[in-house]
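> sequence plus predicted model, see below.
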Amino acid sequence: MRWGDFWRGKRAPLAVAAGSLLVAVVGGCSLAGEISDARRIDASPLRVDGVVDRVVQVKYGAHVRVSYQAGGQWFVTEDLPVGHTAGLTDPVVGSAVCLEASAEHPGTVRLCGQRYPGGDNMIPTEGLVVLAGAAGALMAAGWIVAVTRQERRERERSMRGTP
């Protein structure tokens, strides 16, 4: 058997498995980061006032940058879900935003009333991404096993001379 013959019929499922596994790993890392940041804030919460200092309108909403001071230093964050969640239906420059930061890591921040920095709806979303990636990888692995078994059976039949 040549090397190329072995992989015939298995390239597509292998690509699907690799892609799905990559999706699961990236989603898992993002999920772990959100949980880690939430634990940092919960360990030593510090309530600070933030100010919206830039609003950029995009197709499906706005990207909002919030500046805040914690521990005598200024910080800026652009990844908070400021909008309906923060009580600002239409955030404008100069709007006040209530934030919770970690006293030990003041760069780690979330909106007051939220459990996770990326917003509470991100945890189920990231969990579903991990689940979908893992399911895709398992289905592709099953596909590879099925193709391999079928090829083995066909090879054994041809060696015995039975149709």
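Right, received. Where do you want to start?

> tell me the SS of V55?
Under DSSP: H, G, I helix; E, B strand; the rest coil, the three-state class of V55 is strand.

> return the set of residues that bridge with it.
In this entry, V55 is beta-bridged to V64, by DSSP bridges.

> report the contact partners of it.
V55 sits next to 62-65, 91-93 when contact means CB atoms under 8 Å, 6 or more residues apart in numbering. Quick note: C-beta positions are derived from backbone N, CA and C, even for glycine.

> can you pull the contacts of R65?
Contacts of R65 (CB under 8 Å, 6+ apart): 52-55, 76-78.

> tell me which element the closest residue in space to I123 that isn't next to it in sequence falls in.
Closest residue to I123 apart from its sequence neighbours, by CB to CB, 6 or more residues apart in numbering: Y116 at 5.7 Å. According to DSSP states H and E, Y116 maps onto no helix or strand at all.

> farthest pair within the contacts of V55?
H63 and V92 (13.6 Å; CB to CB).

> circling back: buried only: go through the contacts of R65 for me.
Listed as buried from the contacts of R65 are 52, 55, 77; burial here means 16 or more other CB atoms under 10 Å.

> so how far is P106 from the last one?
Right, the one you point to is T77. Going from T77 to P106 by CB to CB, to the nearest Å gives 11 Å.

> got it, and the second one?
Between V55 and P106 the distance is 23 Å, computed by CB to CB.

> and what of the first one?
V52 sits at a distance of 19 Å from P106 (criterion: CB to CB).

> can you pull up the most central residue in the chain?
G27 (3.5 Å; CA atoms, centre = their mean).

> wait, that residue sits on V129?
Yes. Counting by CB atoms under 8 Å, G27 does reach V129; the two are 3.5 Å apart.

> still on that earlier bit, contacting residues for the residue nearest to I123?
Contacts of Y116 by CB under 8 Å, 6+ apart are 34-35, 37-38, 110, 122-123.

> and the pLDDT for it?
Among the per-residue scores, Y116 shows a pLDDT of 82.

> separation between it and F75?
Y116 is 18 Å from F75, by CB to CB.

> give the contact list for L21.
133, 137.

> any weak-confidence spans in the chain?
Low-confidence segments of the chain (pLDDT under 70): 1-9, 83-90, 162-163.
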